[in-house]
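J.: from the sequence below, what's the structure:
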Amino acid sequence: MITIKKIALSIALLVFLLGGCLCFAASNEIGRDGVYVVYDNGIVKDTSTGLKWVSGPDKDTPWNEARSWVQNLNLDGGGWRMPTIDELSGLYKKGTGDRNMTSLLKTTGWWVWSGKAEGSSKARIFSFYSGRRAWGISGFSYSGRAFAVSSRKESKNQWVEVASVPQKPSYPKPAPPSNNVIERHGQYVLYSKGIIKDTNTGLEWKAGPDENTNWNEARSWVQSLNLDGGGWRMPTIDELNGLYKKGTGDRNMASFLKTTGWWVWSGETEGSSKARIFGFSVGRRSSGIRDYSFSSRAFAVRSRNDG
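T.: So this is what the prediction gives:
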């Protein structure tokens with residue numbers, strides 16, 4: 001006697017053999033935009049990352065209101081949270097829609113809050129006007145918006161994958177040796193892994209994430225850098241001054257050091273609130289508030305003698 005269970009297993013096997021998957025959805029798809037799918041409940045799914053998005057009220061929103069809206073969102077079973085700054089950056093697609101993101105996410109704002117806060121007065125915020133990460137005053141609301149994101153796995157009443165064909169595993173190509181020269185420019189040599197060596201001083205440099213970075217974030221990034229055997233540290237103000245070459249590249253330094261920032265933190269501190277920072281716009285040594293991040297970057301340096 002043919003049972004429903006046997007029929008279901010037969011369908012699953014057939015789908016497997018055909019190299020596909022069988023899915024059931026509780027919400028109806030009503031539109032697509034590249035990797036994005038919008039459903040009739042307003043959820044927008046990024047099929048490349050699996051993240052689901054909901055845009056909040058289209059009105060000027062400070063950080064606390066954005067957090068409150070997300071915490072109270074029970075759409076589609078809940079599980080929503082504020083996005084990380086990296087997740088917001090992943091939405092940014094210059095020239096897409098009228099806000100440099102998929103047009104399926106409806107908003108007239110230019111800024112979207114992340115869930116990362118610092119104390120009670122600041123939080124990370126992403127600009128879809130320029131693609132820039134920044135720190136914003138939590139009470140700031142002009143053109144600020146709330147987005148909610150969910151990365152939870154789909155439940156059985158949403159999407160259920162019955163069968164899928166395992167893909168052939170891929171193996172990364174072995175990394176080139178650390179002494180593999182990619183390019184030279186004057187005294188600077190660019191090696192694989194993004195390491196730049198100053199052949200005059202013997203110093204090796206690595207530019208950090210090209211995003212607004214305060215001193216504590218810069219120190220944390222350098223301390224966690226294990227690239228090519230480690231040994232990295234924050235530079236001294238004199239070492240940063242040695243990089244300054246007026247008229248060289250677009251930041252008055254070797255163009256191999258990729259950055260759009262104008263300031264680079266040193267490891268030298270002044271008390272508990274300040275640190276030395278170098279301005280590459282005018283070649284100036286300065287003291288900066290450690291919480292300052294606008295146009296500031298992290299560089300790592302090492303003076304390892306590797307022959």
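
J.: what bits of the stretch 101-250 of the chain have low per-residue confidence?
T.: 152-179 (pLDDT under 70).

J.: quick one, helices of it?
T.: Along the stretch 101-250 of the chain, the stretches classed as helices by DSSP state H, counting those that start in this stretch are 215-223, 237-243.

J.: any idea how far Val149 is from Arg124?
T.: Per Cβ to Cβ, to the nearest Å, Val149 is found 14 Å from Arg124. Bear in mind the C-beta positions are built from the backbone N, C-alpha and C, glycine included.

J.: so who does the closest residue to Asn212 other than its chain neighbours touch?
T.: In space, Asn212 comes closest to Ser293 once its chain neighbours are excluded; the distance is 4.2 Å by Cβ to Cβ, 6 or more residues apart in numbering. For Ser293, the contact set (Cβ atoms under 8 Å, 6 or more residues apart in numbering) comprises 134-135, 212-214, 217.

J.: give me phi/psi at the most centrally placed residue in the chain?
T.: Nearest residue to the geometric centre of the chain (Cα atoms, centre = their mean): Asp86, 2.8 Å. Dihedral angles of Asp86 (phi, psi; degrees, to the nearest 10) stand at phi -70, psi -40.

J.: could you check the pLDDT of it?
T.: pLDDT recorded at Asp86 is 93.

J.: what's the answer for Ser286, then?
T.: Confidence score, pLDDT, at Ser286: 93.

J.: ok, it - contacts?
T.: When contacts are taken as Cβ under 8 Å, 6+ apart, Ser286 is in contact with 276-279.

J.: out of those residues, which end up buried?
T.: 276-279 (16 or more other Cβ atoms under 10 Å).

J.: show me which pair in the residues you listed is furthest apart.
T.: Arg276 and Gly279 (11.0 Å; Cβ to Cβ).

J.: between these two, which contacts overlap?
T.: Common neighbours of Arg276 and Gly279 (Cβ under 8 Å, 6+ apart) are 285-286.

J.: phi and psi next, for Asn64.
T.: Backbone torsions of Asn64, given as degrees, to the nearest 10, read phi -60, psi -40.

J.: so it touches Phe140, yeah?
T.: No: assessed by Cβ atoms under 8 Å, Asn64 is found out of contact with Phe140, at 10.8 Å.

J.: now the strands for the stretch 151-300 of the chain?
T.: Along the stretch 151-300 of the chain, the stretches classed as strands by DSSP state E, counting those that start in this stretch are 181-185, 188-191, 196-198, 204-207, 263-270, 274-279, 284-289, 296-297, 299-302.

J.: among these, which comes closest to Met234?
T.: Nearest of the strands of the stretch 151-300 of the chain (Cβ to Cβ): strand 263-270, 3.1 Å.

J.: list the buried residues for the closest one?
T.: For strand 263-270, a neighbour-count test (16+ other Cβ under 10 Å) marks 263-269 as buried.

J.: just checking, what packs against it?
T.: Counting by 3 or more Cβ pairs under 8 Å, 6 or more residues apart in numbering; DSSP states H and E, the packing neighbours recorded for strand 263-270 are helix 215-223, helix 237-243, strand 274-279, strand 284-289, strand 296-297.

J.: rewinding a little: of the contacts of Ser293, closest to Gln71?
T.: Closest to Gln71, out of all of the contacts of Ser293 and judged by Cβ to Cβ, is Trp135, at 21.9 Å.

J.: does the closest one really touch Ser127, like I thought?
T.: No: in this structure Trp135 lies outside contact range of Ser127 using Cβ under 8 Å: 11.6 Å.

J.: neighbour count: the two, which is higher?
T.: More neighbours surround Trp135 than the other of Trp135 and Ser127, with 20 against 17 (other Cβ atoms under 10 Å).

J.: nearest to Gly229 among the strands of the stretch 151-300 of the chain would be which one?
T.: strand 299-302 (9.1 Å).

J.: hmm, who's touching the closest one?
T.: Strand 299-302 is contacted from outside by 203-208, 221-222, 225, 231-235, 239-240, 257, 264-265, using Cβ under 8 Å, 6+ apart.

J.: now with 10 Å, please.
T.: Contact with strand 299-302 is made by 195-196, 198, 201-208, 218, 221-223, 225, 227-236, 239-240, 243, 253, 257, 259, 261, 264-267, 278, as judged by Cβ atoms under 10 Å, 6 or more residues apart in numbering.
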